[in-house]
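J.: What follows is a predicted protein model with its sequence.
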Amino acid sequence: MSSERIIGTETEYGVYRPGDAWANPIALSTKVVTTYGEISRVGTPSEGAGVVRWDYTGEDPLNDLRGMRMSRAAADPSLLTDDPYHLAPSGGSERIARPTPEELALPAATTAVLTNGARLYVDHAHPEYSAPETIGARDTLLWDRAGEVIAQRAMARLEVQGEAPIVLVKNNTDGKGAAYGTHENYQMPRITDLDAIVRGLTPFMVTRPVICGAGRVGRGQKSQVPGFQMSQRADFVENEVGLETTFNRPIINTRDEPHANPAQFRRLHVIGGDGNMFDVSAFLRFGTTSLVLWAIEQGTDLRWDSIVMDDPVQETWNVSHHPDLDYKVPTAGGSYTAAELQQVYLDLVLDTFEETGTTPTEADREILRLWQSVLDRMRNDLFSVASDVEWVGKYQLVKRQKERAGLEWNDPRLAAIDLQWSDLRPSHGLVYRLARAGMVTRLVTDEEVERAADVAPTNTRAHVRGWAVANHPDLVKASWSSLVFDPGEGDLVRFPIADARDTSTR
């Protein structure tokens, strides 16, 4: 399998209304989601059937990979992402009670399942785009980028409707203490030892921002220390291993919610990554992580012992706070820069291919070539990767502006550049401007991204979900592993899709 596993992403977009510092972000997010929900089936045979809501049955956010459960009473409300009133389904199709008139009269849920198999909803006061399941880094990049198109369509429709402007940005902090997530999900064999995952993956995650960080003006959760750093999320990492996602955030998250056969699979939920506007950074984020997981799955765990860190949380901060790559991370086997540790991982992956007699796929080779190229170039001349590695591109732009205007790092004009960098309005966002000028390497075309906003991947169950949204007006709810239909009378009928590679529209 190597890098070509099931991968999914979840992106919470920053949201604000220009000139209105007191605008309620929940209200703004609700407008975005409900507005796009109204057009989510337009142009399909299901047009006019109404938004497809989310089927929360079967979600289990309090189950822990470490073999325990957090009680609902002890859980922070932000962890309760499921519907507490239903049990998980099992077996084949089943009948569920038809909603009462009173239930139908309730306000529409702030969620929509889309024709591309994705989910758009309000999560923690932000619009969240949960991309459809994909296989491999390139498709994951493509359907992650599709969320930008969906955000742009929602903003444009609100403007046409006469709403005061609402702006969405693909960043991860407001610079004032609030953080919002860009999560990744990797399907793994259940048989892989959790301790091996933690031991093998932790140093990789600590240093991964060197190839895929989005960059940030300000250090500390509230940007209280002037400066620039590699990662948007690094300062919000506070724990090595844990279940939480909105506070006490861990390097390795242990939520055990596989959305697949739990006896066969686990879903590794990665919560510390940055939302990327650069294709190469996003592609490497997904591809290198998948390859490292593959190496861990092969049982090479003892080889990670030489790069164990005493304090991975502190090292996460230290690495991010040294964008000039001059910081050496102390490990059991010596001290390394972040780029040098990434080279250690790349070499270990290559050795694993050789030792297991596995031939890398062309997709694997593309990741390995780009990974090596980026590391080689940045060690020779950091700014030679400014068109590929997002934090380097941002660092170059902000640093030039700082020096040209004689500014200090805490000057609000630099923070404004940081915000404008990830503005999802094509006419305003700095990344879009740089891309139009040929200063950002693109791995997928605008036409491919536009199509991915409407059409699901064909090689995962997202195809079934997206097809049903588009072609079945009787589809009323869906989830990652189920479809709920209204036959017109009697009970609703739920069909499970437990296998993430099931593409049958039967």
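T.: Arrived safely, thanks for sending.
J.: buried residues in stretch 303-320?
T.: Neighbour-count burial for stretch 303-320 flags 304, 307, 309, 312-313, 315-320 (criterion: 16 or more other CB atoms under 10 Å). Glycine gets a C-beta too; all of them are placed from N, C-alpha and C.
J.: Which ones among the residues you listed map onto helices?
T.: Among the buried residues of stretch 303-320, the ones falling in helices (DSSP state H) are 312-313, 315-320.
J.: Save these as TSV, and put in distance to Arg119 and pLDDT too.
T.: Formatted as TSV, those follow (distance: CB to CB, whole Å; pLDDT from 0 to 100):
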residue	distance to Arg119	pLDDT
Pro312	32	96
Val313	31	96
Glu315	34	98
Thr316	29	97
Trp317	32	97
Asn318	36	98
Val319	32	98
Ser320	30	98
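J.: What sits closest to Asp324 if chain neighbours are left out?
T.: Leu382 (7.3 Å; CB to CB, 6 or more residues apart in numbering).
J.: and what of Asp144?
T.: Leaving out its chain neighbours, the residue that sits closest to Asp144 by CB to CB, 6+ apart is Thr9, at 4.8 Å.
J.: got a list of contacts for the helix or strand hosting the one you found?
T.: Assessed by DSSP states H and E, Thr9 sits inside strand 6-12. Residues from elsewhere that reach strand 6-12 (CB atoms under 8 Å, 6 or more residues apart in numbering): 123-124, 126-137, 140, 143-144, 147, 170, 180-187, 260, 275, 286, 290, 460, 500-501.
J.: And for whatever helix or strand comes next after that strand, what's in contact with it?
T.: Next helix or strand after strand 6-12 toward the C-terminus (DSSP H and E): strand 14-16. Residues outside strand 14-16 that contact it (CB under 8 Å, 6+ apart): 23, 25, 28-29, 32, 125-127, 166-172, 174, 180, 422.
J.: Strand 14-16: partners in the sheet, and parallel or antiparallel?
T.: Strand pairing for strand 14-16, determined by DSSP bridges: strand 167-169 (antiparallel).
J.: elements contacting the helix or strand that the strand it pairs with is followed by?
T.: Scanning forward in sequence from strand 167-169 by DSSP H and E, the next helix or strand is strand 182-189. The helices and strands touching strand 182-189, judged by 3 or more CB pairs under 8 Å, 6 or more residues apart in numbering; DSSP states H and E, are strand 6-12, strand 265-273, helix 279-297.
J.: Can I get strand 182-189 as PDB, trimmed to CA atoms?
T.: What follows is strand 182-189, C-alpha atoms only, in PDB (Å, rounded to 0.1, in the frame of the first residue of the first chain):
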ATOM      1  CA  THR A 182      -6.700  21.600   9.900                       C
ATOM      2  CA  HIS A 183      -6.900  17.900  10.600                       C
ATOM      3  CA  GLU A 184      -5.700  14.900   8.600                       C
ATOM      4  CA  ASN A 185      -7.000  11.300   8.800                       C
ATOM      5  CA  TYR A 186      -5.000   8.300   7.700                       C
ATOM      6  CA  GLN A 187      -6.400   4.800   7.600                       C
ATOM      7  CA  MET A 188      -4.100   2.200   9.200                       C
ATOM      8  CA  PRO A 189      -4.200  -1.500  10.000                       C
END
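J.: Run the chain-centre distance for that strand.
T.: How far strand 182-189 lies from its chain's middle: 9 Å, per CA atoms, centre = their mean, to the nearest Å.
J.: buried ones in it?
T.: 182-188.
J.: Out of those residues, which is nearest to Val455?
T.: For the buried residues of strand 182-189, the minimum distance to Val455 (CB to CB) is 20.9 Å, reached by Asn185.
J.: Count the neighbours of the residue lying closest to the closest one once chain neighbours are set aside for me.
T.: Spatially, and ignoring its direct neighbours in sequence, Asn185 is nearest to Gly8 (4.2 Å; CB to CB, 6+ apart). Residues near Gly8, counting by other CB atoms under 10 Å, number 25.
J.: Quick check: Gly8 vs Leu28, distance?
T.: Between Gly8 and Leu28 the computed distance is 25 Å (CB to CB, to the nearest Å).
J.: rewinding a little: pipe the buried residues of strand 182-189 into TSV and attach distance to Glu354 per row.
T.: Formatted as TSV, those follow (distance: CB to CB, whole Å):
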residue	distance to Glu354
Thr182	33
His183	33
Glu184	27
Asn185	29
Tyr186	23
Gln187	25
Met188	22
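J.: Tabulate these in JSON lines, adding columns for distance to Ser3 and pLDDT.
T.: Listed next are those as JSON lines, based on distance: CB to CB, whole Å; pLDDT from 0 to 100:
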{"residue": "Thr182", "distance to Ser3": "20", "pLDDT": "95"}
{"residue": "His183", "distance to Ser3": "19", "pLDDT": "96"}
{"residue": "Glu184", "distance to Ser3": "13", "pLDDT": "96"}
{"residue": "Asn185", "distance to Ser3": "15", "pLDDT": "96"}
{"residue": "Tyr186", "distance to Ser3": "10", "pLDDT": "97"}
{"residue": "Gln187", "distance to Ser3": "12", "pLDDT": "97"}
{"residue": "Met188", "distance to Ser3": "13", "pLDDT": "95"}
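J.: farthest pair in those?
T.: Pairwise distances across these (CB to CB) peak at 19.7 Å, for the pair Thr182 and Met188.
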